[in-house]
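Colleague: sequence first, then the predicted structure:
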Amino acid sequence: MLIIPIKDGENIDRALKRYKRKFDKTGTVRQLRARTAFIKPSVTNRMKIQKAAYIQNMRDNLES
């Protein structure tokens with residue numbers, strides 16, 4: 001359960017934004033979506049390798 005303490009005089013929109021940010025960081029929605037379908041371990045590993053290659057390519061482009 002997420003608890004968001006609201007300070008005196010704080011805008012409700014700001015508190016809601018903090019709640020949404022905290023909820024996103026927990027990864028609950030991502031975990032639920034991942035459980036809906038089985039993904040083979042080989043596909044998962046391939047996706048990890050592709051993501052790592054993409055990130056490395058982005059870092060290389062930033063350096064040069």
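Modeller: Done, it's in.

Colleague: contacts and neighbour counts: CA atoms only from here.
Modeller: Fine.

Colleague: neighbouring contacts of the least confident helix or strand in the chain by mean pLDDT?
Modeller: Lowest on mean pLDDT, DSSP states H and E among the helices and strands of the chain sits helix 28-36, with a mean of 90. Residues from elsewhere that reach helix 28-36 (C-alpha atoms under 8 Å, 6 or more residues apart in numbering): none.

Colleague: C-terminal to it, what's the next element?
Modeller: Where DSSP states H and E defines the elements, the next helix or strand beyond helix 28-36 is helix 41-63.

Colleague: just the C-alphas of that next one, formatted as CSV.
Modeller: Extracted C-alpha coordinates of helix 41-63, given in CSV (Å, rounded to 0.1, in the frame of the first residue of the first chain):
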residue,chain,number,x,y,z
PRO,A,41,13.7,-17.1,-21.9
SER,A,42,15.5,-16.9,-25.2
VAL,A,43,13.3,-14.1,-26.3
THR,A,44,13.8,-12.3,-23.0
ASN,A,45,17.6,-12.6,-23.3
ARG,A,46,17.5,-11.4,-26.9
MET,A,47,15.5,-8.3,-25.8
LYS,A,48,18.1,-7.6,-23.1
ILE,A,49,20.9,-7.8,-25.6
GLN,A,50,19.2,-5.5,-28.0
LYS,A,51,18.4,-3.0,-25.3
ALA,A,52,22.1,-3.1,-24.1
ALA,A,53,23.3,-2.6,-27.7
TYR,A,54,20.9,0.3,-28.2
ILE,A,55,22.0,2.0,-25.0
GLN,A,56,25.7,1.5,-25.8
ASN,A,57,25.1,3.0,-29.3
MET,A,58,23.4,6.0,-27.7
ARG,A,59,26.4,6.5,-25.3
ASP,A,60,28.9,6.2,-28.2
ASN,A,61,27.0,8.8,-30.2
LEU,A,62,27.0,11.2,-27.3
GLU,A,63,30.7,10.9,-26.8
